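**Student:** Let's see this in three dimensions:
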Amino acid sequence: MEKGYIQVYTGNGKGKTTAALGLSLRCLCAGNKVFFGQFMKGQVYSELKAPLHCPGLVMEQFGEPRFICGQPSDQDRECAQKGLARMKEVLTSGEYDLVVFDEINTCLFFHLLEADQVLAVLEQKPEHTEVVLTGRYAPQEIMDRADLVTEMKEIKHYYNDGVPSRVGIEN
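**Tutor:** Residues are numbered from 1 along each chain as shown. Below is the predicted model:
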C-alpha cells in the first residue's frame, strides 16, 4: 500500500473486533502482513488459531485471563503499558501492512493508558501502514486523529435473552 490510514471501530454494538478480523483477512488474502495486538485480552478466543491457517498473520495478547470488573489492577496497567510498547515496536518496524490495536479504546476508558500515549505511537506510523483501533468509548482525541471512524450501534442482541457467548461466533 502506498498510503495507510487510521481507522477506528467503536460503539456499544457487537462487531468491532469482528470487523478488524475481516479487514485482516482481506489484507492477508491480498498478500500483505498483519499484526493483531489484543489489549485487555488474555482469554482463549477462537481467532487465536488464525495464524496457524494464515501465513503473514501475527497475534499477541496484552491482558490477564479475566475480564476487568470494577477497578483495574496494577497488573492490568502493566499489561497495557507493555502492550503499547510492543505495538510501538511493531508499528515502527514497517514490517506490517496492517496493525490492529484491538480494544485499545476500552483500555483508554479504564485509564490503563492515556490517549496522548497512543497518539504519540500513532505519530510514528510509517506512511504505508494501515492502522485499526477498536473498542468501545473511543475518546474524541483518537477519533479526531483517525481518517475513518465507524460506530457500531446495538439495536438488538440475543445476549439480552440469556444467550451466552458462543464459540466461533462471539468467542
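**Student:** Let me see the confidence value for the residue lying closest to Asn171 once chain neighbours are set aside.
**Tutor:** Distances taken as CB to CB, 6 or more residues apart in numbering put Ser165 closest to Asn171, at 4.6 Å, once the chain neighbours are dropped. C-beta here means a position set from N, CA and C on the backbone, and glycine is covered the same way. Ser165 is assigned 86 on the pLDDT scale.
**Student:** Tell me the secondary structure of Ser165, please.
**Tutor:** Of the three states, Ser165 takes coil under DSSP: H, G, I helix; E, B strand; the rest coil.
**Student:** tally of neighbours for it?
**Tutor:** 9 (other CB atoms under 10 Å).
**Student:** If you rank every helix and strand of the protein by mean pLDDT, what lands last?
**Tutor:** Lowest by mean pLDDT, DSSP states H and E among the helices and strands of the chain is helix 50-53, with a mean of 93.
**Student:** what about the strands in the protein?
**Tutor:** Residue ranges of the strands in the chain, as given by DSSP state E, are 6-10, 34-39, 57-62, 98-102, 130-134, 148-151.
**Student:** okay if I get the ones you listed as CSV plus mean pLDDT and mean neighbour count?
**Tutor:** What follows is the strands of the chain, written out as CSV (pLDDT from 0 to 100; neighbours: other CB atoms under 10 Å):
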stretch, mean pLDDT, mean neighbour count
strand 6-10, 98, 23
strand 34-39, 97, 24
strand 57-62, 96, 20
strand 98-102, 98, 27
strand 130-134, 98, 26
strand 148-151, 98, 14
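**Student:** Those strands: which one's closest to Ser46?
**Tutor:** Set against Ser46 and scored by CB to CB, the strands of the chain come closest in strand 57-62, at 11.5 Å.
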